[in-house]
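[1] Any chance you can model this:
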Amino acid sequence: MTTPSANLCRHLYNAAKDTPTALAVAVQQAHRGLLSSKARFSYQEINFAQLDKRSDDIAFALNQQGIVAGMKAVLMVTPSIEFFALTFALFKAGIIPILVDPGMGTANLKQCFEDAEPQVFIGIPKAHIARQLLGWGKGSVRHCINVGGGSLARLLSGAPSLDELLEESVKRKVKQYPMVKLNDHDMAAILFTSGSTGLPKGVVYSHSMFEAQIEALRCDYGIQPGERDLATFPLFSLFGPALGMASIVPDMDASKPITAKPEYLFAAIEQYQCSNLFVNPALLERLGQAGEAMKHKLTSVKRVISAGAPASIDSIARFTKLLNPQVPVLNSYGATESLPISFISSQDLLPTKELTDKGAGICVGKAINGVQISIIAISDEPMASWQPELALKADQVGEIVVKGPVVSQSYYRNDKANVLGKINDAEGGIRHRMGDLGYLDDAGNLWMCGRKAHRVDTKIPDGSASPKRYLSIPCERVFNTHPQVLRSALVGIKLNDQLVPLLCLELDKSLACSDTKALYQSLKDIAASHSHTQGIERFLIHPSFPMDVRHNAKIFREKLAIWAQAKWKE
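    As a prediction, this is how the structure comes out:
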């Protein structure tokens with residue numbers, strides 16, 4: 001039996017030993033004067049030695065309160081130095097962080113806490129007030145810790161503050177925290193999916209999965225110690241210190257990146273000469289538009305990583321104008337359960353625009369090292385075991401299945417999701433069904449064709465005609481080429497007991513649409529000119545699509561389908 005040796009914090013410990021005074025985290029604060037519209041900025045900084053020491057102190061304080069290895073702790077703290085120190089303290093102490101996206105809504109948040117049954121709740125005053133009012137974790141939480149806020153906010157939170165706990169813990173004799181060592185496949189954290197296509201599910205992250213992600217960022221993406229990353233997504237920002245890279249946190253609401261002020265982010269990049277930039281598609285578009293208008297250049301940036309949803313090729317093309325020649329925008333594919341799976345550089349992606357606009361799907365590149373991508377026939381049924389003959393040949397559209405060290409092996413206490421989403425592999429480990437459709441081309445590139453749940457199969461009950469399958473991305477991208485269409489969403493509605501495709505449209509508000517009939521006719525002409533869109537003859541204009549809060553790129557098609565069904569009857 002091997003001796004347990006895994007803990008993500010070994011990377012922080014090594015950085016504190018090798019480069020103690022190097023910057024680990026910097027947090028931007030914007031200040032606006034009453035008489036000036038231009039913001040001034042200040043930055044709170046901490047180096048690797050200080051971050052290691054701060055997380056040690058917090059780990060000791062947690063233990064002193066009876067919060068020990070094996071317990072589960074909800075962490076609802078805004079991106080800050082304390083967020084980093086708390087997260088690393090939890091890892092050091094063997095306490096399992098539960099990370100949720102505040103943008104998923106209060107009902108989903110409550111369900112997440114019921115599923116995970118945390119014993120500890122660590123959060124800002126606002127989170128604690130919501131916990132008390134909405135009953136989050138009511139049946140399981142035994143320890144509460146408040147982080148930040150004024151005296152009134154701390155009082156309303158009903159929880160002791162982190163500072164108070166640290167004051168009680170300073171008299172200890174041991175200075176360095178004895179990091180808890182665990183097995184590679186032990187649970188390290190629970191990360192909940194966003195719930196954009198269903199109920200959020202708790203994904204079990206093992207220590208080996210985190211290590212594999214760090215290795216991918218180091219080897220496949222080429223991130224080196226000493227780099228500086230503009231951290232716009234809390235989870236990715238935690239990898240910075242683990243890679244010896246400084247995380248620069250801009251003054252923005254990380255749960256709603258679309259509301260970020262581009263000038264704040266540009267200022268942080270300039271201040272610290274950031275070499276890496278991690279952004280979701282909505283923020284990529286926002287920064288690209290602002291940079292183009294301001295004629296701003298990001299001369300220090302060596303690499304841009306976009307993830308969370310497929311970024312549009314037009315957005316990537318615009319953003320590359322802000323960068324030095326040959327600096328890539330790396331469009332990554334993956335999910336909470338498995339990230340990253342593949343990526344493609346902007347230099348390789350931009351030439352595929354014509355194919356995408358004709359309905360070929362979105363190219364998301366080749367698999368990273370150690371990841372196997374397979375395509376299987378589309379099915380909504382469980383698949384107990386993997387057989388090589390299940391894999392489809394090149395250019396055949398099916399369900400995307402992945403295997404590798406970055407792939408989570410299970411959901412937390414969710415047998416139904418495990419049965420539907422996981423396949424046992426006879427060679428060992430688990431293959432994960434991504435819930436996405438796509439195909440591999442002859443060169444091994446993966447092309448994404450949308451969510452499995454978003455396909456429209458026009459099944460006819462009496463079998464009088466052959467059913468046809470419509471896929472979201474290939475269909476929608478064809479219609480998105482129309483100058484008046486901002487975005488579109490394929491849904492299915494029932495007419496006379498027959499499922500038929502309908503396209504919801506959100507129009508470009510800068511272009512007036514005075515003739516809806518002419519618009520619909522031009523879209524029907526587009527549909528008729530492509531074999532995979534023939535049969536789409538119904539259209540509805542929606543004022544503003546329901547979108548996910550974090551990425552502002554994932555369309556809630558389920559909501560649009562209900563709206564379209566009701567609207568078509570009017």
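
[2] Please name the residues that touch residue 213.
    Listed by CB atoms under 8 Å, 6 or more residues apart in numbering, the contact set of residue 213 reads 239, 339-340, 406. Just so you know, the C-beta spots here come from the backbone N, C-alpha and C atoms, and that holds for glycine as well.

[3] So which of those are in helices?
    Cross-referencing the contacts of residue 213 against helices under DSSP state H gives residue 239.

[4] Let's have the contacts of residue 213 in a markdown table, adding neighbour count.
    A markdown table is the format used below for the contacts of residue 213 (neighbours: other CB atoms under 10 Å):
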| residue | neighbour count |
| --- | --- |
| 239 | 22 |
| 339 | 22 |
| 340 | 24 |
| 406 | 24 |
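
[5] what about residue 287, is that helix, strand or coil?
    Three-state assignment for residue 287 (DSSP: H, G, I helix; E, B strand; the rest coil): helix.

[6] burial count for it?
    Using other CB atoms under 10 Å, residue 287 has 27 neighbouring residues.

[7] unless I'm mixing things up, it is touching residue 278, no?
    No - between residue 287 and residue 278 there is no contact under CB atoms under 8 Å: 12.0 Å.

[8] in the stretch 1-150 of the chain, which segments are predicted with low confidence?
    Residue ranges of the stretch 1-150 of the chain with pLDDT under 70: 1-2, 34-36.

[9] That should have said the chain, apologies.
    Where the chain drops to pLDDT under 70, the residues are 1-2, 34-36, 153-154, 170-174, 195-197, 460-466, 549-552, 570.

[10] For the residue nearest the centre of the chain, which non-adjacent residue is closest in space?
    Residue closest to the mean C-alpha point of the chain, counted by CA atoms, centre = their mean, is residue 308 at 4.1 Å. Spatial nearest neighbour of residue 308, chain neighbours left out: residue 280 (3.9 Å); criterion: CB to CB, 6 or more residues apart in numbering.

[11] and residue 319, what element?
    Using DSSP states H and E, residue 319 maps to helix 313-320.

[12] residues of that helix that come out buried?
    Judged by neighbour count (16 or more other CB atoms under 10 Å), helix 313-320 contains these buried residues: 313, 315-316, 318-320.

[13] what does stretch 97-114 give?
    Here stretch 97-114 shows 97-104, 108-113 as buried, counting by 16+ other CB under 10 Å.

[14] Extract the C-alpha set from it and format it as PDB.
    Written as PDB, here are the backbone C-alpha positions of stretch 97-114 (Å, rounded to 0.1, in the frame of the first residue of the first chain):
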ATOM      1  CA  PRO A  97     -14.500  22.900  -0.600                       C
ATOM      2  CA  ILE A  98     -17.900  23.100  -2.200                       C
ATOM      3  CA  LEU A  99     -17.700  25.700  -5.000                       C
ATOM      4  CA  VAL A 100     -21.000  26.900  -6.500                       C
ATOM      5  CA  ASP A 101     -21.800  29.600  -9.100                       C
ATOM      6  CA  PRO A 102     -23.900  32.300  -7.400                       C
ATOM      7  CA  GLY A 103     -25.400  33.100 -10.800                       C
ATOM      8  CA  MET A 104     -27.400  29.800 -10.800                       C
ATOM      9  CA  GLY A 105     -30.300  31.300  -8.800                       C
ATOM     10  CA  THR A 106     -31.400  30.800  -5.200                       C
ATOM     11  CA  ALA A 107     -33.600  27.700  -5.800                       C
ATOM     12  CA  ASN A 108     -30.700  25.900  -7.500                       C
ATOM     13  CA  LEU A 109     -28.300  27.000  -4.700                       C
ATOM     14  CA  LYS A 110     -30.500  25.600  -2.000                       C
ATOM     15  CA  GLN A 111     -30.700  22.300  -4.000                       C
ATOM     16  CA  CYS A 112     -26.900  22.200  -4.200                       C
ATOM     17  CA  PHE A 113     -26.500  22.500  -0.500                       C
ATOM     18  CA  GLU A 114     -29.100  19.800   0.200                       C
END
